[in-house]
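A.B. asks: coords please:
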Amino acid sequence: MPPFARAGGYTLVELLIVLVVIGIMLGLVSLSLRDDRDARLARDADRLETLFALAAEEAQLTSRPIAWRGDERGYAFYQRDRDRWLPLADDAQFRERTWDLAPMRLVLVAADVPRWSSNGLPDADGATAIAFPRDGTQVAFTLTLEADGRSLQLKADGAGRYWVERPS
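C.D. replies: The predicted structure follows:
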């Protein structure tokens, strides 16, 4: 065998490069699997923003009011049927959901939000409720979502626009 011929196998440098690449990949995987509470709260708020806009449109299109009711465990949507509110349990979008980050504290600030008691459902159990009327009128409000020392605000301008404000 000539003296410049290389024996089979890997060099130490090649093995070190492979180990570094594996280490970087494991680090990235562990970061993506980490429990990111900020991301979970943002996901809850973004989902609710989308569902509120959808509920407002659905109430207008069907000419039947829709209401949202949330507490520390989760939330659900209801639709008015004659003289009572019925849960939209079979609807894929408006089904009952739990918060990704629970327990969730909800603080609703609005000038005039219809209360459940005037519409047939009790509001004395600590739940927060928002109605989406069939005529398209909407009330401007701020719904603060607080969990695990973090908070976000879901806002509505009264003209059908909803957005999430993150702390700066």
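A.B. asks: any idea which element residue 17 lies in?
C.D. replies: Element membership of residue 17 [criterion: DSSP states H and E] is helix 12-33.
A.B. asks: Tell me how many other residues crowd residue 36.
C.D. replies: 13 (other CB atoms under 10 Å). All C-beta spots, glycine's among them, are computed from the backbone N, C-alpha and C.
A.B. asks: per-residue confidence averaged over the helix holding residue 17?
C.D. replies: Averaging pLDDT along helix 12-33 gives 81.
A.B. asks: How about that helix, which residues are buried there?
C.D. replies: Using 16 or more other CB atoms under 10 Å as the test for burial, helix 12-33 gives no buried residues.
A.B. asks: Output the contacting helices and strands for that helix.
C.D. replies: Judged by 3 or more CB pairs under 8 Å, 6 or more residues apart in numbering; DSSP states H and E, helix 12-33 is in contact with no other helix or strand.
A.B. asks: buried set for the helix or strand just after it?
C.D. replies: With elements assigned by DSSP H and E, the helix or strand that comes after helix 12-33 is helix 37-62. Residues 40-42, 44-45, 48-49, 51-56, 58-60 are the ones in helix 37-62 that count as buried (16+ other CB under 10 Å).
A.B. asks: mean confidence score for helix 37-62?
C.D. replies: Here the average pLDDT along helix 37-62 is 91.
A.B. asks: So which elements touch it?
C.D. replies: Right, helix 37-62 is packed against strand 66-70, strand 74-81, strand 128-132, strand 141-147, strand 150-156, strand 162-165 by 3+ CB pairs under 8 Å, 6+ apart.
A.B. asks: Can you tell me the strand partners of the first one and which way each runs?
C.D. replies: Strand 66-70 has the following sheet partners, assigned by DSSP bridges: strand 74-81 (antiparallel), strand 128-132 (antiparallel).
A.B. asks: Run the angle between that strand and helix 37-62 for me.
C.D. replies: 160 degrees (axes from the mean of the first three to the mean of the last three CA atoms, to 10 degrees).
A.B. asks: tell me the angle strand 66-70 makes with strand 141-147.
C.D. replies: Using the same axes, to 10 degrees, strand 66-70 lies at 30 degrees relative to strand 141-147.
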